[in-house]
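> Coordinates for the following, if possible.
(one chain, ligands or ions: 1)
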Amino acid sequence: MIRARIAGVGGYLPERLVTNDELARTVDTSDEWIVARTGIRQRHLAGPHESCAFMATRAAEGALRRAGVEAGEVDAIILATATPDEAFPSTAVYVQAALGLATGFAFDVSAACSGFIYALAAADAMIRVGTIRTALVIGSEVYSRILNWQDRTTCVLFGDGAGAVLLQAAEGGPGIISTHLHANGGLAGLLYVDGAVGQPERSGQLVMKGQEVFRHAVSKLAAVVDEALSANGLTQADVDWLVPHQANRRIIDAMGRKLGLPPERVVVTVDRHANTSAASIPLALAEAVEDGRIRPGHLVLMEALGGGLTWGSALVRF
Ligand code: UT7
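Numbering: from 1, shown residues only. Below you'll find the model as predicted:
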């Protein structure tokens, strides 16, 4: 049986770091409120040269390097983003060009904060059926472009960055065990960007009903965790690491408790990165693989919920 193995991980964070106290100078908020309600202490914000494609390319290069794979071996680049550099072409083709490739194919996935899970599921399926053997799956976001910097209920929550994994086809052994995807477009009004290219009458800014999204996140993520385990005949005790989407420390802690995992078995970056949407899971993975927490043989559960609403999980043996 062919499996998609995660052979390398990489991440990129913008150079500029912005603390809660810095934000509190321009918007009516405080470090105390942000830490207590979200766990966020700081975020990285992209400078003019740190485009979605630039950050994605840096993360992809890290994943290739750690996998020991040449860019020329990549068959597909699947990039999850809600903040592409242009409406088209996809940001993925700019990454392809920046990596010096003119072979294979590349496309973007739009599923907001669940984008990385969606992109991983697409790559996994194509590897399993033999369409491709090697794929870069990337999450890259520049939410600083779509935030209303006067709206304290949203602007304090997000950060910029990119993360990537290099997937390779392997016979049996470790790899992606399952993915589960969900969407409910009837809930689109809870979290969206108001407008698109060519609609100057609209703000182009992120709008969120935070409390309602929070409520859906806690219940739907608990359900996908159960779904992932029961589909594979596994129990909570089998999971070595939870690598959740990093939106809010309170949601992350609730999922850790639900899995009966001690806090030291949950990878948390929201305190330092804030919510980087589709980049948050691969950035967290990159950190925990690099520092040696996630090791070969470990079973890792990833879950995310975001605009759409979209949500899903991926269960991976490293
Ligand atoms: O990644 C996609 C998925 N997104 C999520 O999962 C986000 C889910 N939602 C959340 O994480 C939380 O709902 C928030 C962090 C967005 C908000 O936390 P909350 O505990 O639900 O706060 P709230 O919206 O109920 O607001 C409580 C109070 C309000 O004041 P009043 O009405 O009680 O006087 C807000 O106006 O806090 C006020 N507030 C703030 N105060 C200081 C809201 N934002 C701020 C702020 N600084 N930045």
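
> Count the residues that sit near the closest residue to the ligand within the stretch 151-300 of the chain.
With C-beta to the nearest ligand atom, the shortest gap between the stretch 151-300 of the chain and the ligand falls at Gly210, namely 2.8 Å. For the C-beta atoms, the positions are set from N, CA and C on the backbone; glycine is no exception. Other residues near Gly210 come to 16 when the count uses other C-beta atoms under 10 Å.

> Then the one 4 residues further on?
Applying the criterion other C-beta under 10 Å, we find 17 residues in the vicinity of Phe214.

> Now do the residue lying closest to Leu23 once chain neighbours are set aside, the pLDDT please.
Nearest residue to Leu23, sequence neighbours excluded (C-beta to C-beta, 6 or more residues apart in numbering): Val156, at 5.7 Å. Note on Val156: pLDDT of 98.

> try Asp271
98.

> Now it: closest residue in space, sequence neighbours ignored.
Using C-beta to C-beta, 6+ apart, the nearest residue to Asp271 is Arg41, at 4.9 Å.

> what does Gly307 give?
Leaving out its chain neighbours, the residue that sits closest to Gly307 by C-beta to C-beta, 6+ apart is Ala112, at 3.4 Å.

> My read is that the one you found contacts Gly312, right?
No - under the criterion of C-beta atoms under 8 Å, Ala112 is not in contact with Gly312, lying 11.5 Å apart.

> Pick out whichever of these two has more residues nearby.
Gly312 (28 against 24).

> how near is Ala106 to the ligand?
To the ligand, Ala106 is 25 Å away according to C-beta to the nearest ligand atom, to the nearest Å.

> That residue contacts Ser90, doesn't it?
Yes - with contact defined as C-beta under 8 Å, Ala106 reaches Ser90; the gap is 6.4 Å.

> Next, show the common contact partners of those two.
Shared contacts of Ala106 and Ser90 (C-beta atoms under 8 Å, 6 or more residues apart in numbering): Leu79.

> Please list all residues in contact with the nearest residue to Gly39 once chain neighbours are set aside.
Spatial nearest neighbour of Gly39, excluding adjacent residues (C-beta to C-beta, 6+ apart): Arg249 at 2.5 Å. Going by C-beta under 8 Å, 6+ apart, Arg249 touches 38-40, 268, 270-271.

> Please go through these and note which also touch the ligand.
Thr38 (C-beta under 6 Å from any ligand atom).

> Of the contacts of Arg249, which is the nearest to Ala279?
When the contacts of Arg249 are compared for distance to Ala279 (C-beta to C-beta), Val270 wins out at 12.2 Å.

> How much space separates that closest one from Phe88?
32 Å (C-beta to C-beta, to the nearest Å).

> Rebuild the contacts of Arg249 as JSON lines, extending it with neighbour count.
Formatted as JSON lines, the contacts of Arg249 follow (neighbours: other C-beta atoms under 10 Å):
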{"residue": "Thr38", "neighbour count": "22"}
{"residue": "Gly39", "neighbour count": "19"}
{"residue": "Ile40", "neighbour count": "26"}
{"residue": "Val268", "neighbour count": "21"}
{"residue": "Val270", "neighbour count": "26"}
{"residue": "Asp271", "neighbour count": "15"}
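
> now the contacts of Arg249 as CSV including secondary structure?
Output for the contacts of Arg249, formatted as CSV (DSSP: H, G, I helix; E, B strand; the rest coil):
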residue, secondary structure
Thr38, helix
Gly39, coil
Ile40, coil
Val268, coil
Val270, helix
Asp271, helix
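
> what two of the contacts of Arg249 are the furthest from one another?
Thr38 and Val268 (11.8 Å).

> quick revisit: which ones are touching the residue of the stretch 151-300 of the chain closest to the ligand?
153-154.

> any idea whether Arg43 is helix, strand or coil?
strand.

> For it, which non-adjacent residue is closest in space?
Closest to Arg43 by C-beta to C-beta, 6+ apart is Gly159, at 3.1 Å.

> now Gly47
Here the residue nearest Gly47, using C-beta to C-beta, 6+ apart, is Arg16, at 5.8 Å.

> related to what we said a few turns ago, residues contacting the residue nearest to Asp271?
So Arg41 contacts 19-20, 31, 34-35, 271-272 (C-beta under 8 Å, 6+ apart).

> Quick one, grab the pLDDT at it.
So Arg41 comes in at 98 (pLDDT).

> Tell me the spacing between it and Ala53.
Arg41 is 28 Å from Ala53, by C-beta to C-beta.

> thinking again about what came up before, which residues are in contact with each of Ala112 and Gly312?
By C-beta under 8 Å, 6+ apart, no residue touches both Ala112 and Gly312.

> Please list the residues of this protein that sit near the ligand.
Neighbours of the ligand within the chain, by C-beta under 6 Å from any ligand atom: 29, 33-34, 37-38, 113, 152-153, 156-157, 210-211, 213-214, 217, 247-248, 251, 275, 305-306.
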